[in-house]
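[1] Build me a structure from this.
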Amino acid sequence: MAITGGCLCKAVRYSCTSEPTVTRACWCRLCQYIGAGSNTVNVFFKSADFSISGELTDYVCVADSGTVMHRRFCPKCGTAVTGQGETRPHMISVRAGTLDNPELAKPAMTIWTKQAPRWACIDPDLPQFDAQQPT
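    Residues are numbered from 1 along each chain as shown. Okay, here's the model as predicted:
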C-alpha cells in the first residue's frame, strides 16, 4: 500500500511504496522558521521508493549540521513539502502535516533540543538529542 500526501492546494502530490525509515521532531533553528516558531516533524523515506508530481520550488541552505539541504515547497500555496540533504541523497523527508494520514507520523525522537526555546513542548517519553542524529 502506498503512503500518499501533498500540499494544501493539491497542486503537489507524492507517493511512497515503502514504510518510513524514521520520524523525528526537530527543533533546529531552520525548522523553527519553517514551523512558524515551533518544531517540525519530518518523516523519512527511501528516495528510490518515492515519487512526486507537481511543481516544487527549491530553497537551498546549509543546515546547522553542515549539510547542504534542499527544502522544497509549493510555489502556489507555500506549503513546505520535502527536504533532502546532499549527504543523504538516498533519503527524502516530508513534513508530517503533508501526509494524507498524519497518524503515520509519530516521532521516534526529538533532535536539536539545545536550540529549542525554553517554552518548547518536548515529549518527555521520546529520546532527546542536543543535535543531529543519523537518519
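[2] right, and Asp64 touches Ile111 too?
    No - if you go by C-beta atoms under 8 Å, Asp64 and Ile111 don't touch, sitting 10.3 Å apart. Heads up, the C-betas are built off the backbone N, CA and C, glycines and all.
[3] what's the overlap in contacts for the two?
    Common neighbours of Asp64 and Ile111, using C-beta atoms under 8 Å, 6 or more residues apart in numbering, are 28, 131-132.
[4] among those, who's most crowded?
    For the shared contacts of Asp64 and Ile111, the largest number of neighbours (other C-beta atoms under 10 Å) sits with Cys28, at 21 neighbours.
[5] What sits closest to that residue if chain neighbours are left out?
    Take Cys28 and drop its neighbours on the chain: the residue closest to it by C-beta to C-beta, 6 or more residues apart in numbering is Trp112, 3.9 Å away.
[6] In contact with that neighbour: list those residues for me.
    For Trp112, the contacting residues are 26-28, 31, 64, 129-132, by C-beta under 8 Å, 6+ apart.
[7] Just want to check the distance between it and Thr17.
    Counting by C-beta to C-beta, to the nearest Å, the separation of Trp112 from Thr17 is 30 Å.
[8] Could you do Gln32 as well?
    From Gln32 to Thr17 the distance is 32 Å (C-beta to C-beta).
[9] Comparing those two, which residue is more hemmed in?
    Using other C-beta under 10 Å, the more surrounded residue of Gln32 and Thr17 is Gln32, with 19 against 13.
[10] from what I can see the more buried one touches Trp119, true?
    No - Gln32 is beyond contact range of Trp119, at 11.9 Å (criterion: C-beta under 8 Å).
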